[in-house]
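Engineer: Take a look and give me a structure for this.
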Amino acid sequence: MNKNTIDELFDSHKGKFDVHQTPEGHQKRFLDKLNAAHDKANTETKVRVNWWRPLSIAASVVVLIGLGFSLLKSPAPSGELASVSPEMEQTQTFFVSTINSEIEKLKSFETPETKAMIDDALNQITNLEEEYQLLRQDLIDSGNDKRVIYAMISNFQKRIDLLEQVVFIVEEVKNLKMNDNEITI
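Structural biologist: As a prediction, the model looks like this:
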């Protein structure tokens, strides 16, 4: 805008301007209200800022707990048959309990005559267990390949068959010993 336009504007509004003096203390009251509004705005900002920090920490904790539960729900591959499906879990439980009961039965028959046979059987079971551990790693690496699952089941079956055969032979040795000690009339 040029100077002439401004002069014309003032001339056109001449007599319409408020030229009265402001009441006494008006400036002080105005500054007090302005400062009060400014202090109120600062207080609200401080309260809001003070709440953000604890809320953000609480939200972070909630997120971490949620992630922890989701990781617990989806277990990492363990290399066990039980991790494949519920049916495989039942199968593994059956085989493990059967093998453990057969080992206990075999150990209960241990005598000086059968000690070498039982020790040999337990060594073979240990070898089969080592093979099973390799199969567990193969299961993790292969991503539940059916061939590895069948090999794991076959390993369990071999252990059970071996234990049953040795228990049968040890029972036969025990029966033969009892028959030798009988007196025939």
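Engineer: Following element in sequence after the helix-or-strand element of the chain with minimal mean pLDDT, please.
Structural biologist: Least confident helix or strand of the chain, by mean pLDDT, DSSP states H and E, is helix 26-73 with a mean of 71. Note on helix 26-73: by DSSP states H and E, the next helix or strand toward the C-terminus is helix 86-108.
Engineer: Buried by neighbour count: which residues of that next one qualify?
Structural biologist: 88, 91, 92, 95, 98, 99, 102, 103, 106 (16 or more other CB atoms under 10 Å). For every residue, glycine as well, the C-beta is placed using N, CA and C.
Engineer: Kindly indicate which of those residues lies nearest residue 28.
Structural biologist: Residue 28 has its nearest neighbour among the buried residues of helix 86-108 in residue 88, at 86.0 Å by CB to CB.
Engineer: Tell me if I'm right that that closest one and residue 95 touch.
Structural biologist: No. Look at residue 88 against residue 95 with CB atoms under 8 Å: they stay out of range, at 10.4 Å.
Engineer: now the helix or strand containing residue 118 against helix 86-108, angle please.
Structural biologist: Residue 118 belongs to helix 115-142 when assigned by DSSP H and E. With axes from the mean of the first three to the mean of the last three CA atoms, to 10 degrees applied, the angle from helix 115-142 to helix 86-108 works out at 160 degrees.
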